[in-house]
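In: Curious how this folds, go ahead:
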Amino acid sequence: MKRSEINQIIKDALIFFESQHFFLPPWARWSPQEWDTKGEECNEIRNNGLGWDLTDFGSGAFKSKGLTLFTIRNGHLKGGKKTYCEKIMLVRNEQVTPAHFHWYKTEDIINRGGGVLCMRLWHSDKNEAPTRDEIWVQMDGISRQVIPGDTIRLQVGESITFEPLLYHSFWAEEGDCIVGEVSTVNDDAKDNRFWDEAGRFPEIEEDVAPAYKLCTEYLKFQKNA
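Out: Okay, the predicted model is just below:
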């Protein structure tokens with residue numbers, strides 16, 4: 001992805017979140033130059049992968065296959081006091097996040113505003129292949145049976161729980177959608193199994209200067225600390 005595209009995607013996300021009355025912490029707007037002035041007081045942000053995270057899943061077509069995320073709080077798999085994670089996501093209209101599961105993470109996905117959040121689910125077998133086995137999920141605390149591969153639609157305020165090893169793909173309809181995620185500790189570098197091969201983090205073409213840091217771009221400080 002081009003850096004100019006990433007800059008614009010984040011600017012658009014900030015505007016959309018605020019239009020839905022969801023406000024990020026002040027450091028969401030820090031420039032790379034401002035980040036360079038910050039020391040160890042910001043280590044939780046750096047070490048736990050907080051902040052901006054966007055991907056086109058290696059598709060080269062972000063508008064149709066992509067996702068914009070901001071990790072607000074997160075623990076660390078190696079230990080610590082926080083055993084939870086919270087993200088906010090912008091799912092564009094008809095923009096697909098491809099089918100994947102998590103080996104470890106349990107998560108609640110919540111439609112926080114905007115359009116309708118749509119998804120399809122499948123269990124996985126011991127070889128990590130999708131199955132047609134029956135699925136029971138918790139939706140707003142209520143047990144419901146869903147048919148593998150059928151489309152589930154969450155209206156604003158509705159939520160669903162994804163347990164480990166459950167394949168899920170999602171997209172928005174009837175407009176862009178602001179989507180919340182509350183989960184156990186998250187590690188996107190190691191805990192995603194895509195049904196079809198996909199890249200989790202984008203390769204970046206530096207056509208302009210970055211306006212924001214991505215969560216994958218704190219490594220320089222960590223190596224020098």
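In: ok, and the closest non-adjacent residue to the residue positioned nearest the centre of the chain?
Out: Nearest to the geometric centre of the chain sits L69, at 4.4 Å (C-alpha atoms, centre = their mean). Nearest residue to L69, sequence neighbours excluded (C-beta to C-beta, 6 or more residues apart in numbering): D53, at 4.4 Å. Backbone N, C-alpha and C define where each C-beta goes, glycine included.
In: I'd like to check what contacts the host helix or strand of S4. Which residues are they?
Out: Assessed by DSSP states H and E, S4 sits inside helix 3-19. For helix 3-19, the surrounding residues in contact (C-beta atoms under 8 Å, 6 or more residues apart in numbering) are 23-24, 28-29, 52, 54, 62, 68, 70, 88, 90, 114, 176, 178, 202, 204-212, 214.
In: same for the longest strand seen in the chain, what does it pack against?
Out: The strand that spans the most residues within the chain, counting by DSSP state E, is strand 166-184. Where contact means 3 or more C-beta pairs under 8 Å, 6 or more residues apart in numbering; DSSP states H and E, strand 166-184 is packed against helix 3-19, strand 84-91, strand 97-101, strand 107-123.
In: any idea how far T161 is from D108?
Out: Look at D108 and T161: by C-beta to C-beta, to the nearest Å, they are 5 Å apart.
In: whoops, H168 was the one
Out: From H168 to T161 the distance is 11 Å (C-beta to C-beta).
In: Who has more neighbours out of these two?
Out: Taking other C-beta atoms under 10 Å, H168 and T161 do not tie; H168 has more neighbours (21 against 16).
In: wait, that one sits on F162?
Out: Yes - look at H168 against F162 with C-beta atoms under 8 Å: they come within range, at 5.5 Å.
In: so what sits against both of the two?
Out: Common neighbours of H168 and F162 (C-beta under 8 Å, 6+ apart) are 101, 121.
In: I'd like the helices and strands packed on strand 166-184 as JSON lines, with distance to N74 appended.
Out: Formatted as JSON lines, those follow (distance: least, C-beta to C-beta, whole Å):
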{"stretch": "helix 3-19", "distance to N74": "18"}
{"stretch": "strand 84-91", "distance to N74": "4"}
{"stretch": "strand 97-101", "distance to N74": "18"}
{"stretch": "strand 107-123", "distance to N74": "12"}
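In: out of the ones you listed, nearest to G58?
Out: Closest approach to G58 among the helices and strands packed on strand 166-184 is made by strand 97-101 (9.7 Å; C-beta to C-beta).
In: Show me which residues of the closest one are buried.
Out: Of the residues in strand 97-101, 97-101 count as buried by neighbour count, 16 or more other C-beta atoms under 10 Å.
In: and it, average pLDDT?
Out: On average, the pLDDT along strand 97-101 is 98.
In: just stretch 31-45 next, same as before
Out: In this model, stretch 31-45 has a mean pLDDT of 95.
In: re earlier: out of the buried residues of strand 97-101, which comes closest to K78?
Out: Of the buried residues of strand 97-101, the one sitting nearest to K78 (C-beta to C-beta) turns out to be F101, at 22.5 Å.
In: shouldn't that closest one be in contact with L166?
Out: Yes - the pair F101 and L166 qualifies as a contact (C-beta under 8 Å) at a distance of 5.6 Å.
In: which residues do these two both contact?
Out: Here F101 and L166 share the contacting residues S124, scored by C-beta under 8 Å, 6+ apart.
In: quick one: L214 and W52 touch, right?
Out: Yes - here L214 lies in contact with W52, judged by C-beta under 8 Å, at a distance of 5.1 Å.
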